[in-house]
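[1] coords below, sequence missing:
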């Protein structure tokens, strides 16, 4: 996997400007990613996937992001949906993978955006969901919704619906300053009938056996999905920040100040900024990878994380990405006016870093608040954990 990802970096860099112009991943890049098997790194082996440990999402995204963060974002995001499909009822898995094991699946996990009601044999679903990355390339979509009930005593149920592209409409809304190439458009469902077997309750994804466990007994498919949600995409921030750091160090080694010809590498301020940025990036890498590795180890032992662990995972996911964003901002500021040129990668890395950081999963205010509540003995406010 690592070799295949690294081999693509020169091509991704060459196509980065076109990817931004298209506002989606170019067809030739998608073909390269399919050929390399990168969309299928967490797909079950029984259908030809690699079935790697969960940390592969972080590692793969971190390897691809120096080429283009938008590509890395879509690969990690779409690869994670093969993993999630492995937790659905086997009938859903067979319906998708028997037709095409390479079929891509988009998502939007914004539950209040949808409304579903139970009917005979399944659910009627409607809604309008934003930020469905890579949706134009996908055959299916995992759309999150609140399930309404006539009986208030039933409480609120969160459920995910696997919907075919014929049942939703893509709205061309993605024209963003960062991650421009992800094609994260809106999708709209007017009224779709979704079979029970094509849905999964969020409570079944909280850790431990899932509806797909019989078909896919690997502990990979018993991980707590939304506790680990930040790590689906955190590797993009890591690889983007590492590329920014590597390029700044290389520049500082050879460049002299425009005004007084002082070599930048001789300045103490340059040396300190490199130390600070690299410390942030290295710390972020340790946090991301160790949490994913530990989660897999716990799953292999049959341990289901408690709420304190789940909120810590969300806290650390947000904190580690924030570290990467701080590193990129520090290096961008230290690079002077040259960083502003659109012919260079740094301005894109800066825009992408802040676009990544804007994802709700990386809001430290949200993750930190919930962690603090649980640490103080208060109930979690998250309905997905």
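    Nice, I can see it. The shown structure was predicted, so the numbers you read here are calculated from the model rather than taken from an experiment. Numbers count the residues shown, from 1 in each chain.

[2] going forward, measure contacts and count neighbours with C-alpha atoms only.
    OK.

[3] which residues of the stretch 201-350 of the chain fall in helices?
    230-254, 268-300, 307-334, 346-357 (DSSP state H, counting those that start in this stretch).

[4] wait, which of those helices is closest to residue 215?
    Comparing the helices of the stretch 201-350 of the chain by their distance to residue 215 (CA to CA), the top pick is helix 268-300, with 16.5 Å.

[5] nearest spatial neighbour of residue 242, skipping sequence neighbours?
    residue 281 (6.6 Å; CA to CA, 6 or more residues apart in numbering).

[6] with mean pLDDT and distance to residue 64 added, can I get the helices of the stretch 201-350 of the chain in CSV?
    Formatted as CSV, the helices of the stretch 201-350 of the chain follow (pLDDT from 0 to 100; distance: least, CA to CA, whole Å):
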stretch, mean pLDDT, distance to residue 64
helix 230-254, 94, 7
helix 268-300, 96, 15
helix 307-334, 97, 16
helix 346-357, 95, 13
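
[7] rebuild those helices as TSV, extending it with distance to residue 162 and mean neighbour count.
    TSV is the format used below for the helices of the stretch 201-350 of the chain (distance: least, CA to CA, whole Å; neighbours: other CA atoms under 10 Å):
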stretch	distance to residue 162	mean neighbour count
helix 230-254	19	24
helix 268-300	25	18
helix 307-334	25	23
helix 346-357	25	23
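
[8] which residues sit against stretch 159-169?
    109, 111, 138-147, 187-190, 192, 194, 198-202 (CA atoms under 8 Å, 6 or more residues apart in numbering).

[9] and residue 191, helix, strand or coil?
    Secondary structure state of residue 191, per DSSP: H, G, I helix; E, B strand; the rest coil, is strand.

[10] how many neighbours does it have?
    Number of residues near residue 191 (other CA atoms under 10 Å) recorded here: 15.

[11] distance of it relative to residue 371?
    37 Å (CA to CA, to the nearest Å).

[12] one more: residue 96?
    For residue 96 relative to residue 371 (CA to CA), the value is 37 Å.

[13] who has more neighbours out of those two?
    With neighbours defined as other CA under 10 Å, residue 96 and residue 371 compare such that residue 371 has more, 26 against 20.

[14] and the angle from the strand or helix carrying that one to helix 346-357?
    Taking DSSP states H and E as the criterion, residue 371 maps to helix 364-375. Angle of helix 364-375 versus helix 346-357, following axes from the mean of the first three to the mean of the last three CA atoms, to 10 degrees, is 30 degrees.

[15] check which helices and strands helix 364-375 is in contact with.
    Counting contacts by 3 or more CA pairs under 8 Å, 6 or more residues apart in numbering; DSSP states H and E, helix 364-375 is packed against helix 307-334.

[16] re the thing from before, just the buried residues out of the contacts of stretch 159-169, in ChimeraX syntax.
    The ChimeraX selection below is limited to those of the contacts of stretch 159-169 classed as buried (16 or more other CA atoms under 10 Å):
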select :109,111,138,139,140,141,142,143,144,145,146,147,187,188,189,192,194,198,199,200,201,202
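
[17] now intersect the contacts of stretch 159-169 with the strands, please.
    In strands, defined here by DSSP state E, the members of these are 140-147, 187-190, 192, 194, 199-201.

[18] low-confidence stretches in the chain?
    Applying pLDDT under 70 to the chain flags the ranges 150-154, 256-262, 337, 339, 341.

[19] OK, contacts around the residue nearest the centre of the chain?
    Centroid-nearest residue in the chain, with CA atoms, centre = their mean: residue 233, separated by 2.7 Å. With contacts defined as CA under 8 Å, 6+ apart, residue 233 is in contact with 57, 58, 61, 73, 76, 77.

[20] same thing with residue 308?
    Neighbours of residue 308 in contact, by CA under 8 Å, 6+ apart: 371, 374, 375.

[21] how about those in CSV, adding distance to residue 177?
    As requested, the contacts of residue 308 are exported to CSV (distance: CA to CA, whole Å):
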residue, distance to residue 177
371, 31
374, 36
375, 37
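
[22] tell me the one of those nearest residue 224?
    residue 371 (16.4 Å).

[23] quick check: nearest residue in space to that closest one, chain neighbours excluded?
    residue 311 (5.0 Å).

[24] hmm, that neighbour is touching residue 370, no?
    Yes - taking contacts as CA atoms under 8 Å, residue 311 lies within contact range of residue 370: 6.6 Å.

[25] from what I can see residue 305 touches residue 207, true?
    Yes - if you go by CA under 8 Å, residue 305 and residue 207 touch, sitting 7.3 Å apart.

[26] quick one, phi/psi of residue 229?
    phi -50, psi -40 (degrees, to the nearest 10).

[27] count of residues packed around it?
    Neighbours around residue 229, by other CA under 10 Å: 16.

[28] show me what contacts it?
    Residues in contact with residue 229 (CA under 8 Å, 6+ apart) are 314, 361.

[29] can you tell me how far it sits from residue 6?
    Counting by CA to CA - residue 229 and residue 6 are separated by 25 Å.

[30] thought the residue nearest to residue 242 was touching residue 323?
    Yes - the pair residue 281 / residue 323 is scored as a contact, 6.7 Å apart, by CA under 8 Å.

[31] on that earlier part again, touching both of residue 305 and residue 207, which residues are there?
    In contact with both residue 305 and residue 207: residue 224, using CA under 8 Å, 6+ apart.

[32] alright, calling it a day.
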